[in-house]
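Peer 1: predicted coordinates and the sequence they were generated for:
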Amino acid sequence: MASKLIAPSMLAADFGNLQRDTEMVNNSYADWFHIDVMDGHFVPNISYGMPVIAAIKKHATKPLDVHLMIEQPERYIEEFAKVGADIITVHYESTVHLHRTLRQIKDAGCKAGIVLNITTPLNVLEDILPECYMILLMSINPGFGGQKFEDITYKRIKNLRKMIDEQGLDTRIEIDGGVTDKNIEQLVAAGADTFVAGSHVFKSDNPTATIKTLKALANS
Ligand code: DX5
Ligand code: ZN
């Protein structure tokens with residue numbers, strides 16, 4: 001299986017100290033920056049947009065994994081690419097012409113992925129899987145950090161891994177929401193390989209050490 005990656009969610013960073021927190025991630029065992037974009041329509045919360053992403057990109061030395069929780073994401077793909085997105089994931093539930101949107105992401109020079117809400121059936125991925133670098137399975141209802149992990153996710157990871165294997169693909173499975181040092185090994189065992197962690201990292205006493213522990217547990 002692919003190496004296990006850790007993507008701290010900048011939603012939980014201190015925006016007053018964005019450069020400091022970006023450098024903390026640079027100097028840690030983290031692999032990517034996870035960037036949550038929320039529009040107040042697709043999810044009941046507003047986070048940040050292009051200027052904040054550009055500010056993170058200015059100091060980041062690792063890829064930006066941009067998770068779009070916005071309606072009609074196809075309207076903004078090129079702009080997100082321009083401010084520094086390396087990977088862009090869009091929700092299945094947010095765009096009508098998914099195939100076209102994924103092509104648009106790739107044409108903009110980024111890796112493309114699809115996000116599913118916690119109870120969106122996996123079979124909607126069947127035909128589009130070969131177009132995806134990664135599938136992000138939500139393990140909470142999107143919109144806020146610090147929520148409790150939903151156990152239904154384990155079954156979903158297993159079934160998705162099976163679907164990926166059956167098609168002979170090496171698509172990444174990313175898990176987002178409530179990931180901690182208590183569940184990451186079980187998530188790996190189920191078949192996930194990429195982990196977002198927001199509050200568990202940034203609300204800990206020593207974020208750098210917390211990232212190191214997550215990375216070690218995921219790769220043990
Ligand atoms: C929520 C976001 C998550 C969030 C995760 O909609 O997609 O990336 O930052 O936060 P934690 O790790 O605190 O659950
Ligand atoms: Zn996210």
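Peer 2: Received, thanks. Numbering: from 1, shown residues only. Ligands and ions are numbered 1, 2, ... in the order given.
Peer 1: use CA for all of it now, contacts and neighbours both
Peer 2: Noted.
Peer 1: contacts for stretch 84-102?
Peer 2: 42, 53-54, 57, 63-74, 105, 109-117, 128, 131-132, 136 (C-alpha atoms under 8 Å, 6 or more residues apart in numbering).
Peer 1: before we move on, what about stretch 8-21?
Peer 2: Here stretch 8-21 has contacts from 25, 30, 32-36, 47, 56, 59, 145, 196-199, 201-203, 211, using C-alpha under 8 Å, 6+ apart.
Peer 1: now, of those residues, which are buried?
Peer 2: 25, 30, 32-36, 56, 145, 196-199, 201-202, 211 (16 or more other C-alpha atoms under 10 Å).
Peer 1: out of the residues you listed, which are inside helices?
Peer 2: Among these, the members found in helices (DSSP state H) are 25, 56, 199, 201-202, 211.
Peer 1: can you lay out those residues as CSV showing distance to F80 and pLDDT?
Peer 2: Converted to CSV, those look like this (distance: C-alpha to C-alpha, whole Å; pLDDT from 0 to 100):
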residue, distance to F80, pLDDT
V25, 21, 99
I56, 13, 98
S199, 24, 98
V201, 25, 98
F202, 24, 98
I211, 26, 98
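Peer 1: so which of the residues you listed are also by ligand 1?
Peer 2: When these are checked against ligand 1 using C-alpha under 6 Å from any ligand atom, the ones in range are S199.
Peer 1: mind putting the ones in helices among the buried ones among the contacts of stretch 8-21 in JSON lines, distance to L122 included?
Peer 2: Listed next are those as JSON lines, based on distance: C-alpha to C-alpha, whole Å:
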{"residue": "V25", "distance to L122": "32"}
{"residue": "I56", "distance to L122": "33"}
{"residue": "S199", "distance to L122": "27"}
{"residue": "V201", "distance to L122": "29"}
{"residue": "F202", "distance to L122": "31"}
{"residue": "I211", "distance to L122": "30"}
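Peer 1: between the ones in helices among the buried ones among the contacts of stretch 8-21, which sits nearest L5?
Peer 2: Nearest to L5, judged by C-alpha to C-alpha, of those is I211 at 10.5 Å.
Peer 1: spell out, range by range, the helices that occur in the chain.
Peer 2: Using DSSP H, helices in the chain cover 18-26, 50-59, 77-82, 98-107, 152-166, 184-190, 199-202, 207-218.
Peer 1: which elements pack onto the shortest one?
Peer 2: If I follow you right, that is helix 199-202. helix 207-218 (3 or more C-alpha pairs under 8 Å, 6 or more residues apart in numbering; DSSP states H and E).
Peer 1: what angle sits between the helix it packs on and helix 18-26?
Peer 2: Interaxial angle, helix 207-218 versus helix 18-26 (axes from the mean of the first three to the mean of the last three C-alpha atoms, to 10 degrees): 30 degrees.
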